[in-house]
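S.K.: Here's my sequence, what's the structure:
(chains A and B)
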Amino acid sequence: MNLALSDEQVFLREAARGALSRFKTLEAAREALDTDQGALPDLWPMAKEAGWPGLLIDEAHGGAGLDAFDAMLVLGECGRVLAGVALLGHLPATAILDSAPNASEFMADLATGERRAAYLPAQPPTQIEERWSADPARGLERSAVPTAGAPDAEGHVSLSGTFSFVPDAPGANALVGVAIHEGSPVGFAVLSDAAGVEVEPVMRYDSTRSLGHVTLDDARGVLLDAPEEALAGAWYLAQTLIAAESIGSVETALEMSVAYAKERHTFGRAIGSYQAVKHGLTEVLRQLENGRSLLYYAGWARNGAPGEFPLAASAARSVAGRALDEAARTMISVHGGIGATWEHDAPLYFRRAQLSRRLLGGTGLATDRVAGELIAQADAA
Amino acid sequence: MDLDDTPEQAAYRAQVRSWLEEHSSQAPVLQGPDALEDEEQIVAARRAWQGRLAEAGLAGVTWPKEYGGQGLGPIEQVLCNQEIARAKVPGILDAIGIGMLGPTIIAHGAEEQKTRYLGAMLHGDEVWCQMFSEPAAGSDLAAVQTRARLQDDGSWRLSGQKVWTTNAQFASYGLLLARTDADVPKHKGLTMFVVPMDAEGVTIRGLRQISGEAEFNEVFFDDVALDAGAVVGGVGNGWGTALTTLMFERVTIGLGGEGMGYNSTRFAAAIAADEHARRDPEVRHELGEIASELLAVRFTGYRTLTALQKGQIPGPEAGLAKVTIVRGAIKAGDLIADVLGPDALLEDSEWSYMISFLPGLKSAGGTEEILRNTIGERVLGLPPEPRLDKGIPFSELRSKEGAAA
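M.R.: Predicted coordinates for the structure are as follows:
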């Protein structure tokens, strides 16, 4: 039993914090709200330099061969400063590709970051939604994933379908998703510049988040020989990464709120001495600690107890999403009126919280998955 | 990051498991058709079982060897607890003594006290109770009014009242925090004592609660004589000694949170058993939120263990796990009662007792409010609220309180 970070993990986290500190990400985030994301720094070269694109790719394929928990440490640092580094799209895509022998020739470029991939999120079936499904453009009704026909002589298949609000899709070289082939889920990859592939960049509320609506209209792709576990695993990996990123944002939101509660005085004393303020901040800490503990659970379960990974990843996502909402709202309240102004950083965390909670199936589906996994466990007991 | 046993831990676990497999048929039966019913019989059987566990090295795992313990670490304690739970046999009866009071005596007691009390405590020959809280001193524990007065011959006379005393009705001894000097500020005039529960002038009354059962007791002291050797940790050092006990209480809570039976698996099973509820989106959402937080507490416990292994002492943030468990269990009881309807409140239902017990548990071992104060100040570094009792002799405080009202 040992949940302590290794020296390498501490170094990875510190190095990430250092690299990200070279950019004024918060100022850029505010400015980008007025400039249609034009002001955002391109952080991908920095990510390449740091070796992040290859974090989850096997060493034999040119990657670092690290595990989800290591990637979560990096995403946590990105979340702390609201940095959009395209890892939320790239890492789950590389996890699928790296498990597919017929994609091995592409892995070296993906590991160095010369080429970037984006994951088309596909939710594995649940007790309520019994098919593989993708996030819809609006509403609660989920979209079907594409159906792939028989491969042609060159091994290509035709794919049609839509994936909405795909993280980091704009600018990605390849898109990696799940289709149904002969009744079973199968991984596929398409090149973004192939005929029939359209990526429409969209911005919603949080300028730091790169999103795209992806339409495949008779697009030519290849089926991947990735195992089915890897397809489901990518969904849960994406859940843990956005959870880790959210918990990173909670950390900063809490630190800034606590600092202000110590320095701002009313009626002759610091506002942090009032129970109403203090208890609100300890509630953020409580949710932060719960979220952190679940990141450990998910980080361990992916390889340590794969059967529990869906439960662990979904629980982490559920708690982290709520924690970020609580932290952002508390941050605004503790700062009083100034916390709700354009010039303050609190609204940037609030925007991050509101959009993040609705991506990748939303925290609601993750919460439902927790119940579903536990009900299934009870049935099996 | 690794949750697996090391080879040494696996060997220890195997040793514990093999002893339990051989002896579990001799454990007292507390559930099912053959369960013991008479409370005296249950206590006697559990004391004897604690003795067997102690002989086998399954009690006082972290106690030093010289006092009958195993001299092992918190990990082995947890492994031992896990194996006892797996064997479905009762654990030690005197968890308060072995988990909190014994370690306090080990840290602060005189050699004669260690020799006299620890062995009998460990083997269940003498059960202990903790007498800290009073009707007017709970969150503000240093406000205790139970008074011990020094006599000319060096002995003490004790008068006052304690409350919320678990196990007092069958305890041999209690560790008691009393005021020995009212003319100094309140944290300074306190002393810790060992009190024989059968001493003349000690009266114990059961305190019935919402469920109708008496989990706790009130204990009254009417001019009880204590000899000079009853003082633990020195006269006037009672507050420091009490803080040691409270630190061990946090460790106990941090490592044993889920042991109270408030876990996601149990609550999910109740929902899974109802055909309609298990597909109802609202029920599933509520269950998912509750269960996620309770799952988190399990891993918070592992984080605490990791810290203990590295020689760090768990801080007050372990109290947040208690807040989460109690909140989660309250919400789960509410959800299950919504699903099952009034039958969840039947006296013999699995849930009625839990639903009755939880509102009080919110205040046990530190109210949620005082835990949040402590964590806000010690972990987040927020300033304390201004206090009206600092530096003021305890004897002057009450008139001051009256004037402020």
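S.K.: And for chain A, the residue most distant from the center?
M.R.: Residue farthest from the centre of chain A, counting by Cα atoms, centre = their mean, is A:G268 at 43.8 Å.
S.K.: Quick one: the strands in chain A, in order.
M.R.: Applying DSSP state E to chain A gives strands spanning A:117-119, A:133-134, A:143-144, A:147-148, A:156-167, A:174-181, A:184-191, A:197-202, A:211-224, A:265-266, A:269-270.
S.K.: Chain B now?
M.R.: Counting by DSSP E, chain B has strands at residues B:128-131, B:147-150, B:156-163, B:173-179, B:190-196, B:202-207, B:216-226, B:231-232.
S.K.: Buried ones in the lengthiest helix in chain B, by neighbour count?
M.R.: Counting by DSSP state H, the longest helix found in chain B is helix B:281-309. Of the residues in helix B:281-309, those buried by neighbour count under the rule 16 or more other Cβ atoms under 10 Å in any protein chain shown are B:283-308. Where C-beta positions appear, they are placed from N, C-alpha and C, glycine not excepted.
S.K.: interface residues of the stretch 201-350 of chain B facing chain A?
M.R.: Contact residues, the stretch 201-350 of chain B versus chain A (Cβ under 8 Å from any Cβ of the partner chain): B:264-265, B:268-269, B:271-273, B:278-279, B:281, B:283-285, B:287-289, B:291-293, B:295-300, B:302-303, B:305-306, B:309-310, B:317, B:320, B:323-324.
S.K.: Could you check the pLDDT of B:T252?
M.R.: Per-residue confidence (pLDDT) for B:T252: 76.
S.K.: show me what contacts residue 206?
M.R.: Assuming you mean chain A. Listed by Cβ atoms under 8 Å, 6 or more residues apart in numbering or on different chains, the contact partners of A:D206 are A:348, A:351-352, A:354-356.
S.K.: Hmm, no, I was thinking of chain B.
M.R.: Listed by Cβ under 8 Å, 6+ apart, the contact set of B:G206 reads B:169, B:214, B:216-217.
S.K.: Find the residue closest to the closest residue to chain B within the stretch 51-200 of chain A in space, skipping its chain neighbours.
M.R.: Of all residues in the stretch 51-200 of chain A, the one sitting closest to chain B is A:F69 (6.1 Å; Cβ to the nearest Cβ). Spatial nearest neighbour of A:F69, chain neighbours left out: A:G299 (3.0 Å); criterion: Cβ to Cβ, 6 or more residues apart in numbering or on different chains.
S.K.: next one: B:D274
M.R.: B:V339 (5.5 Å).
S.K.: how close does B:Y173 sit to B:G206?
M.R.: 19 Å (Cβ to Cβ, to the nearest Å).
S.K.: coming back round to it: for the residue of the stretch 51-200 of chain A closest to chain B, which residues are in contact?
M.R.: A:9, A:295-296, A:299-300, A:302, B:1.
S.K.: Check B:T104 too.
M.R.: Remark: with contacts taken as Cβ under 8 Å, 6+ apart, B:T104 is in contact with B:175, B:192, B:232, B:241, B:244-245, B:248.
S.K.: at 7 Å instead, please
M.R.: Residues counted as contacts of B:T104 (Cβ atoms under 7 Å, 6 or more residues apart in numbering or on different chains) are B:175, B:241, B:244-245, B:248.
S.K.: Can you tell me which of those residues end up in helices?
M.R.: Residues of the contacts of B:T104 located in helices (DSSP H): B:241, B:244-245, B:248.
S.K.: where are the low-confidence patches of the stretch 151-300 of chain B?
M.R.: Under the criterion of pLDDT under 70, the regions of the stretch 151-300 of chain B flagged as low confidence span B:253-259.
S.K.: picking up where we left off before, quick check on the residue farthest from the centre of chain A: phi, psi?
M.R.: A:G268 adopts backbone torsions of phi 80, psi 10, taken as degrees, to the nearest 10.
S.K.: With B:P383 as the reference, measure out to it.
M.R.: The value you get for A:G268 to B:P383, if Cβ to Cβ is used, is 12 Å.
S.K.: Any part of the longest helix anywhere in chain A near chain B?
M.R.: Among the segments of chain A that qualify as a helix by DSSP H, the longest is helix A:228-263. Yes. Contact between helix A:228-263 and chain B, assessed by Cβ under 7 Å from any Cβ of the partner chain, occurs at A:258, A:261-262.
S.K.: quick one: average pLDDT of that helix?
M.R.: Rounded mean pLDDT across helix A:228-263 is 98.
S.K.: now it against strand A:174-181, angle please.
M.R.: For helix A:228-263 and strand A:174-181, the angle between their directions (axes from the mean of the first three to the mean of the last three Cα atoms, to 10 degrees) works out to 130 degrees.
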